[in-house]
Structures are given as structure tokens and as C-alpha cells.
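J.: Structure for the following, please:
(one chain, ligands or ions: 2)
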Amino acid sequence: MFYSVEERESTMNFITKAPVMLCGGDYNPDQWLDRPDILEADIRMMKKAGMNSVTLGVFAWAAYEPREGEYNFTWLREIMDRLYDQGIYTELATPTGAKPNWLARKYPEVLRVQSNGVRDHQGMRHNHCLTSPIYRQKVEELLNHLIDSVGDHPGLILWHISNELGGECYCPLCQERFRGWLKEKYHTIDALNHAWWTSFWSHHYDSFDEVEPPFDNGEQSLNGLKLDWRRFTTWNMMDYVHSETAILRKRTPNVPITTNLMEYFPGLDYHKLQRELDFVCWDSYPHWGRPDRSTTVTAGMTAFDHALIRGCKPDKPFLLMESTPSLVNWHEYNKLKRPGVNRMSAIQTVACGADGVQYFQWRKGRGGSEQFHGAVVDHDGRDDTRVFNEVTATNEALAALTPVCGSLPKADAAMIFDWDNRWALDDAWGMQIKQKNLRETCCQLYAQLNHCGVETDVVGVDADLNRYKLVVLPMLFMTKPGFAQKIREYVENGGTVVATYLLGYVDESTLCWLGGFPGDGLREVFGVTASELDTLYPGEGNRAIWVKSSQQSSIKDYCELLQPAEGTEVVAVYGQDFYSGHAAVTHHVFGKGHAYYIGARLDDAGNAAVLRAALADAKVHLRDLPQGVEYHCRESENARYHFYINTTQSAVKVQVESGADLLSGKNVLGSMELKPYDACAIEEKMK
Ligand code: GLA
Ligand code: GLA
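T.: Ligands and ions are numbered 1, 2, ... in the order given. Here you go, the predicted structure:
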């Protein structure tokens, strides 16, 4: 389906309202301007593959402006025209992910300074100074010329800001901005000294002018400084992004804006960054085919990643901006996706809330470091390869899923994820020093909810919890103002929560809560105090023994020594060591609700046992899924879409809702067989 400009404008926001499933990819014609034959073949082959969108110009600054102030957009307009004639939309990147050589030579201040204090040489990408006024000015000039040339193009459906934003700059300009940001935050240096606990090792500051960012060979001992530096970097990045979006919003107000986020990215607080965007999208490159991980486990981790990103803007579908049709070039071992996996992962992406799946990249370049990265079209230039055929079959499936566009995931459970918490944990000296395994904990709990057929959102601490029956708090080490109170009210009013080890150790400045963990009033809610934390060496373990059923689960990494309060039920006890027989998992009835506390890193069966008990208390409907089948649900005003995805290489029989399967086009009555890596999407019409 191809929508006119008028139709799209009347929908206000392309991604959510227009019923079109985007099938496309990154397209770099700027690398092929001397090969008109190839540019022509591209469009013909895109049509054959069922593509309806391309991302253009991601790294085209030098093609647009080869020398300062000399612009050339003729080639771009021509290509956009030809694409549009063939029903292919353009998503236009602002080409600021990589800067041209002339810019760096003439204005060295645009080069980023790394955490060792050394300024970068020109080269690579994603490495401009976030503050540099010259950089911002040159970008402004470029964007205005770009808009003059193609801003009115009927094929332009969205702006893609820069590329995979990230990184920190430690240059003098950024340092000065950091100090200004701190002044606004703390007002007085005493307040900063208190928040950062600077009496430690005599690191007291006398004025804001003394503060430096946490250079590698500088101040690394103040956790509050490190956290504020990361917060500042997000703020400064947002300020930079705003310098681009302000121009675009002013001059092309009907074109929505996004940028491609990354998997479990450590560098920026995406819950904040999303405020600059109309919808979110991300780039997903899972390690399909890793010998130490089943496809089912990889799919489960990917489902968590999708939920984490969509949770940044929970009221809108997201877009998968990039994925590979075959392999990447930057994993340690670059393995091909097995037949069927590309289609399965695309369907999973939609099941998790996407309104489109796109590739990096359409065609392999001849040179440069990405010459061997997977693409829809290989160096052989053919449109009948295995990969090309897999992409075509995937696009057929995506087209069949068009009715799903605009609907949203319908989740009974929520998992809380917070970037400040993640950073505070990463920076904390103690526990497992280098790898706290927050992501592992999140993914393991997420997968167990998934196995029960429970759709789970991953949301920030500001989320409204009342729409959920169950809330999971994995390693929520930091409680920010108001959050503990929110949990308390949620449980008091009948909600069910499951928290793990390391709950409520520090406040928003990383200062420890006094009076026992979990702090901030949570001890009362959970009816338990975590008095000590034992970290185990790799290969060491313990056991949890369930008091009622005698079920046993293995434990690794962390064991908290728990002191249950009177009236708290001990669900499981440790089976070994000097704390053998003492509580490992507890359950506390608080007000009208239930609070479970998991004091140790349990195996999958152990997590499943706790979650199943909590889901029963929360009265959440569970599904009986065969091993390796993933369930997801999206809902619109008129219909609910039930997705069952077979992540295994064997055929399986599944119990499903009755209704039309959008993928096979058949009516299904209560059960069906799914072939290896196949899926169904049952449409349940609502009255
Ligand atoms: C050394 C130092 C102390 C303290 C301890 C921590 O002994 O002298 O100040 O840092 O290590 O183990
Ligand atoms: C990222 C980038 C792309 C490309 C791919 C390769 O997603 O945005 O430009 O480098 O990685 O996988």
C-alpha cells in the first residue's frame, strides 16, 4: 500500500496511524554515484524484494558538502524521485554521524576528547564534540540546505537524526558546560560535597571551578561524580539533538523525527533521550546461532531488548531501523543466520510492537570496513540468492501483518529498568566488581514470564504501575525519590511485586540508605532485611530448598543473608554454607497485596517457581506453551493479535485462540502446528 502526502499528513504521525508496515533498509547510493547501472538495478530489485522504504544519506555529509559551503543535493533529489515513482518512501538521515575531513582540519574543536584527555584524530565516526558551537553551526547550515533541496519531497516520511548517538567528550568546552550544569543542579558547592560524599579521601571541593569530569587518570573514587557525569552527557546529547530537531520541526513540521537506538546501550539514558523523538526505533543484531545459547534463549533476550526500547515510548509502536539479513562483520565470530531465522526474528519484532523491520544494508559496498557485512544484495549483484529470497519471504510475511500496525503490546506485567540504577550498579565497588550481570538477571526473569505466556513491558521508574497486575524489580539498587512510596502504595492497594537481591541499597546520589536494606521504607513492604551480601566465585554455588514442596534450585553469584520480619513467609531456604537453613526467598502480605523477595541468583526453575506463585496471587492468566514457543499480544480498539512463535528447529503443536491467522491466511480453531521457525498471528476481533 502506498500513501499520498495528504493522507499521511492527515494521520499526523506516520509510524502509528498509517496502516503500512515498513519493509526497507539503509541505502547508500552516495557510494555508487559513478555507477548509474547499479542505481537503476537497485530500485528494480527493491521492488522485487517487496521493500517500501529506504534510509538515505546516513553518512553522506561529504557527498552533500564536499568542500565548506559547496553543496550538491541534485543526486539525492533524483534518487528520491525515482524511489517515490516506484512506491518506495525515503527516511532521510541527517548526515551528522560522520564528519568530512575539511571540517576537522579547519576546526579542530569539533574533534572529540576521550576520557584519557587526548583529542581524537580525524577518522571513524560518531565522534564529534557534543558542545562545539562550530559543529552545531555547520550542521545548521547543512540541514537548512538539505531542507531547501528535498524538505518538500513527497516521498520523505521521516527524519533519522544522525546515527547511533553515543559517547562522551572531555574537551574544555564540555568540561565548562558540565560545571555549569552542576551549578544549576546543586546551587551551592556544599550541596554537591554532601551528595558526592567528598569528605572521603579528602576530596572536598571549594568551588565549582575545581570540578573535573572523571578522567581515566583523575577522579574515579566519587560515585556521585561519575553518575552526574553520565547524566550530564545524556543532557548534553539531548541538547545537541535538540539543535538538529529544532530546525527540522520548524521547517518540516509534518515529518516525524526519530533516531536509531542501540541494544542495551550503556552510554545514554534512553528514557530521557526519547523526549526529543516522535517515536523510537533501534538496531538489533542478536547472536543467532551461538553454540552456547539456543535460538530460544537468544530470542528471549531479543524480546527483552525490544521491550526495553518500546518502553521508552510505550504509547507508540516502534520501528526496527536496522538488522542484518544474514551476518554482521563485527561480532567476534560472524555466523550466517540459519534459513528461516530472519523471517522468524522479523515476525517476533512485529509481535513485540514494531510497525516495520529494516536492514543494514541494502547492498554491500566494495570497500571500507563494512564490505563483508551482510546485505540484501551481495557483491554478485543477484536477485535470486538465498539471502535475497529469505528477505523477499520475510517481506511477504510483514505485508500480511499490515493490519497489526498502530496496535500496541498488551502487557499484564511490568519490569522496572532505570539507567541511573544501572550506572550506579556498574560503578559500585563491591559485589562482582566488573560484571554485576544486571542484564542477565533481567533477561532470565523476562524469559520465565515469557514461558508462562505473560506479556511484559519494561518501563522506567516514572511509569504508571496501576495498569499492571505484577511488577518485577530486578536488582533495583537505587531508589529515586518517590519510587519506594509508589511501590508501597501499589502493594498496599492489591498489587504484587517480585524484587531480587540488591534492592534499595542507595539513593539517587548513590549514598547508602541508613538503617538496613532495602531502604527508603521498603523493608516494611517486603517484611525482610538483607543484612549481608555474599558474592560467590565462578563455579561456586549454593542451593535453595523450597519449604513447602522441597523443590531445589541451584544458586550462583549472589546470596543475601535475609532476616524475615514476624509474619513474613519463608518460601525457600539456603541448603549450604553457614547460612544453611536461613531464608533465601520470602513472601510478605502487605495491605491487600503481595511482596516477594528473591535473595539469591536462582536458576531458571527457581525463578519460575517464584514468578508462578506471584502470578497466581496477581491473578494473571497463564498460557500453556510448548518448549521454545514464544507468545506476544498486541491490541487495538478493534482487535487483539496473538502471536505464537516457534523458536526451535522442530515442528510443534500449540493451543491458540480461534480466529484468522494473518500469516497463513487460514482460519484456525483452537490449535495448530507450527513448522520450525514458523509463527502465527491470530486476529481476535473485539465486539
Ligand atoms: C588499604 C587502605 C585503606 C582501605 C583498605 C581497603 O588497606 O590503606 O584505606 O582502602 O585498603 O581494603
Ligand atoms: C550500526 C550502524 C550501521 C552499521 C551497522 C553494522 O547499526 O548504525 O551504520 O555500521 O551497525 O552492523
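J.: C-alpha coordinates for the helix or strand harbouring Glu684, CSV please?
T.: Here Glu684, judged by DSSP states H and E, is contained in strand 679-685. C-alpha atoms of strand 679-685 as CSV (Å, rounded to 0.1, in the frame of the first residue of the first chain):
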residue,chain,number,x,y,z
ALA,A,679,4.8,-18.4,13.6
CYS,A,680,1.1,-17.5,13.5
ALA,A,681,-0.7,-14.2,14.3
ILE,A,682,-4.3,-14.9,15.3
GLU,A,683,-6.6,-11.9,14.9
GLU,A,684,-9.3,-11.9,17.6
LYS,A,685,-11.9,-9.4,16.6
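J.: what packs against that strand?
T.: Strand 679-685 sits against helix 341-351, strand 639-646, strand 659-661, with contacts defined as 3 or more Cβ pairs under 8 Å, 6 or more residues apart in numbering; DSSP states H and E. C-beta: built from backbone N, CA, C; applies to glycine.
J.: That one pairs with which strands, and in what direction?
T.: Strand 679-685 has the following strand partners under DSSP bridges: strand 639-646 (antiparallel), strand 659-661 (antiparallel).
J.: Other residues contacting the first one?
T.: Counting by Cβ atoms under 8 Å, 6 or more residues apart in numbering, strand 639-646 makes contact with 299, 344, 347-348, 350-351, 403-404, 407, 410, 625, 628-635, 652, 654, 656-657, 659, 662, 674-686, all of which sit outside it.
J.: Relative to the whole chain's centre, how far out is that strand?
T.: 22 Å (Cα atoms, centre = their mean, to the nearest Å).
J.: Need the mean per-residue confidence for that strand.
T.: With pLDDT averaged residue by residue, strand 639-646 scores 98.
J.: and if you look at stretch 550-568?
T.: Averaged across stretch 550-568, the pLDDT comes to 97.
J.: thinking again about what came up before, hmm, which of the contacts of strand 639-646 are the buried ones?
T.: Among those, those classed as buried by 16 or more other Cβ atoms under 10 Å are 299, 344, 347-348, 350-351, 403-404, 407, 625, 628-635, 652, 654, 656-657, 659, 662, 674, 676-683.
J.: ok, now which ones touch the residue in the stretch 251-400 of the chain that ligand 2 sits nearest to?
T.: In the stretch 251-400 of the chain, the residue that lies nearest ligand 2 is Asp283 (3.8 Å; Cβ to the nearest ligand atom). Asp283 is in contact with 164, 260-263, 320-323, 360, counting by Cβ under 8 Å, 6+ apart.
J.: same thing but 10 Å
T.: 26, 163-164, 260-263, 265, 309, 320-324, 358, 360 (Cβ atoms under 10 Å, 6 or more residues apart in numbering).
J.: Among those, name the ones in helices.
T.: Taking DSSP state H, the ones among those that sit in helices are Ile309.
J.: can you narrow the contacts of Asp283 to ones near ligand 2?
T.: Contacts with ligand 2 within the contacts of Asp283, as defined by Cβ under 6 Å from any ligand atom: 163-164, 260, 322, 360.
J.: Now tell me what touches stretch 80-88 from outside.
T.: With Cβ under 10 Å, 6+ apart as the test, stretch 80-88 has contacts from 1-3, 5, 23-24, 27, 29, 39-40, 42-44, 46-47, 51-54, 56-57, 73, 89-90, 92, 149-150, 153-156.
J.: The same query, at a cut-off of 7 Å, please.
T.: Residues outside stretch 80-88 that contact it (Cβ atoms under 7 Å, 6 or more residues apart in numbering): 2, 43, 46-47, 51-54, 90, 150, 153-155.
J.: just stretch 528-546 next, same as before
T.: For stretch 528-546, contacts defined as Cβ under 7 Å, 6+ apart pick out 431-432, 516-518, 523, 552-565, 568, 571-577, 584-586, 588, 597, 599-600, 602, 606, 609.
J.: Restrict those residues to the buried ones and give me that as a PyMOL selection.
T.: The PyMOL selection below is limited to those of these classed as buried (16+ other Cβ under 10 Å):
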select buried, resi 431+517+518+523+553+554+555+556+557+558+559+560+561+562+563+564+568+571+572+573+574+575+584+585+586+588+597+599+600+602+606+609
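J.: what secondary structure does the closest residue to Phe73 other than its chain neighbours sit in?
T.: Spatial nearest neighbour of Phe73, chain neighbours left out: Ser149 (3.6 Å); criterion: Cβ to Cβ, 6 or more residues apart in numbering. On the three-state scheme (DSSP: H, G, I helix; E, B strand; the rest coil), Ser149 is labelled helix.
J.: could we number from 50 for the rest of this?
T.: All set: I'll call the first residue 50, so the last point we hit is now Ser198.
J.: Just give me the neighbour total for Ser198.
T.: For Ser198, the count of nearby residues is 17 (other Cβ atoms under 10 Å).
J.: picking up where we left off before, out of the contacts of Asp332, which is most surrounded?
T.: Greatest neighbour count in the contacts of Asp332, by other Cβ under 10 Å, goes to Met370: 31 neighbours.
J.: dump the residue contacts of it.
T.: Residues in contact with Met370 (Cβ under 7 Å, 6+ apart) are 104, 309, 330-332, 407.
J.: May I have the secondary structure class of Trp331?
T.: At Trp331, secondary structure determined by three-state DSSP is strand.
J.: who's in contact with it?
T.: With contact set as Cβ under 7 Å, 6+ apart, Trp331 has these partners: 309-312, 358, 367, 369-370.
J.: what do you get for Glu213?
T.: Applying Cβ under 7 Å, 6+ apart, we find Glu213 in contact with 146, 175, 309, 311, 332.
J.: With pLDDT as extra columns, can I get the residues you listed in JSON lines?
T.: As requested, those are exported to JSON lines (pLDDT from 0 to 100):
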{"residue": "Gly146", "pLDDT": "97"}
{"residue": "His175", "pLDDT": "96"}
{"residue": "Asn309", "pLDDT": "98"}
{"residue": "Met311", "pLDDT": "98"}
{"residue": "Asp332", "pLDDT": "98"}
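J.: Measure how buried Glu140 is and give me the count.
T.: 30.
J.: pretty sure it contacts Ile206?
T.: Yes. Glu140 is in contact with Ile206 according to Cβ atoms under 7 Å; the separation is 6.1 Å.
J.: which non-adjacent residue is nearest Gly73?
T.: Ser102 (3.2 Å).
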